[in-house]
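> Let me see the structure of the following:
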Amino acid sequence: MMGILLPVLQGAGSVALALVAFALAFTWPALLRPILALRTDGARVLASTGLGVVLLLAASLLYATPGVLLRDPLGMLLALPVATLWLIGAVALVVRGLVMGGAARAISYAFAVVTVCGAAAGIVSAVLTQHGVADDVTATGAFLLAVGGLASVILWARADDPEPRRRRRPHPTAV
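Now for the predicted structure:
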């Protein structure tokens with residue numbers, strides 16, 4: 001009895017956390033006004049960093065949940081509903097990104113990419129598990145998404161700050 005109940009509870013917990021992550025992916029811009037209303041720069045930086053960490057955790061949940069749900073022996077039966085749910089979420093995030101601007105647009109698109117990649121990695125993980133092959137797809141995909149996310153943050157941060165030009169020193173003239 002416990003052998004059957006434990007995977008069901010783990011799956012239900014994963015689904016609940018994924019739903020919270022989807023809700024956060026859609027509603028996080030509502031947190032910007034209270035963050036910007038903080039009195040000191042330090043408090044705003046701390047709150048923004050905290051929000052960034054929470055968004056990173058939500059993205060990791062959206063990526064990893066399909067792999068967790070589809071890894072058990074009955075995973076292939078859940079593949080179509082899980083993939084459909086994740087693709088609906090990705091389309092909704094893309095539509096939301098189309099109507100938003102600035103950071104909200106970029107983060108909505110990033111969540112859409114993570115959601116699609118998570119669904120694909122989950123299905124590949126389920127197929128590999130069904131055939132008894134070791135699953136390296138989820139970890140490799142997570143690494144590639146993390147590197148891509150870091151590169152995009154660096155490029156985005158550098159886009160606003162043009163490189164400073166070196167001042168030319170005047171050449172001494174002979175008298």
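
> how about residue 38, secondary structure?
Following DSSP: H, G, I helix; E, B strand; the rest coil, residue 38 is assigned to coil.

> Count residues in the vicinity of it, would you?
For residue 38, the count of nearby residues is 14 (other Cβ atoms under 10 Å). For glycine as for every other residue, the C-beta is placed from the backbone atoms N, C-alpha and C.

> OK, contacts around the closest residue in space to it that isn't next to it in sequence?
Distance criterion Cβ to Cβ, 6 or more residues apart in numbering; nearest residue to residue 38, sequence neighbours excluded, is residue 44 at 4.8 Å. Applying Cβ atoms under 8 Å, 6 or more residues apart in numbering to residue 44 gives the contacts 35, 36, 38.

> Those residues into a markdown table, with extra columns for distance to residue 70 and pLDDT?
Listed next are the contacts of residue 44 as a markdown table, based on distance: Cβ to Cβ, whole Å; pLDDT from 0 to 100:
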| residue | distance to residue 70 | pLDDT |
| --- | --- | --- |
| 35 | 36 | 87 |
| 36 | 40 | 86 |
| 38 | 42 | 87 |
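
> Distance check, the residue nearest the centre of the chain against residue 145.
In the chain, the residue lying closest to the centroid (Cα atoms, centre = their mean) is residue 59, at 2.8 Å. Applying Cβ to Cβ, to the nearest Å, the value for residue 59 to residue 145 is 8 Å.

> overlap in contacts of those two?
residue 114.

> for this protein, what spans make up the helices?
Using DSSP state H, the helices found in the chain span residues 2-27, 32-36, 41-69, 75-99, 102-130, 137-160.

> tell me the mean pLDDT for the first one?
In this case it means helix 2-27. The pLDDT scores in helix 2-27 average 69.

> and if you look at stretch 133-149?
Mean pLDDT, stretch 133-149: 74.

> List the contacts of that stretch.
Contacts of stretch 133-149 (Cβ under 8 Å, 6+ apart): 60, 63-64, 67, 71, 110, 113-114, 117-118, 120-122, 124-125, 128-129.

> ok, and for that stretch, which residues are buried?
For stretch 133-149, the neighbour count (16 or more other Cβ atoms under 10 Å) marks 135, 137, 138, 141, 142, 145 as buried.

> same check, this time on stretch 65-75
Those buried within stretch 65-75 under the rule 16+ other Cβ under 10 Å are 65, 66, 67, 68, 69, 70, 71, 72, 75.

> Kindly report the same for stretch 18-35.
Neighbour counts using 16+ other Cβ under 10 Å place 18, 21, 22, 24, 25, 28, 31 of stretch 18-35 among the buried residues.

> for residue 108, what are its contacts?
Going by Cβ under 8 Å, 6+ apart, the list of residues near residue 108 reads 25, 93, 94, 96, 97, 100.
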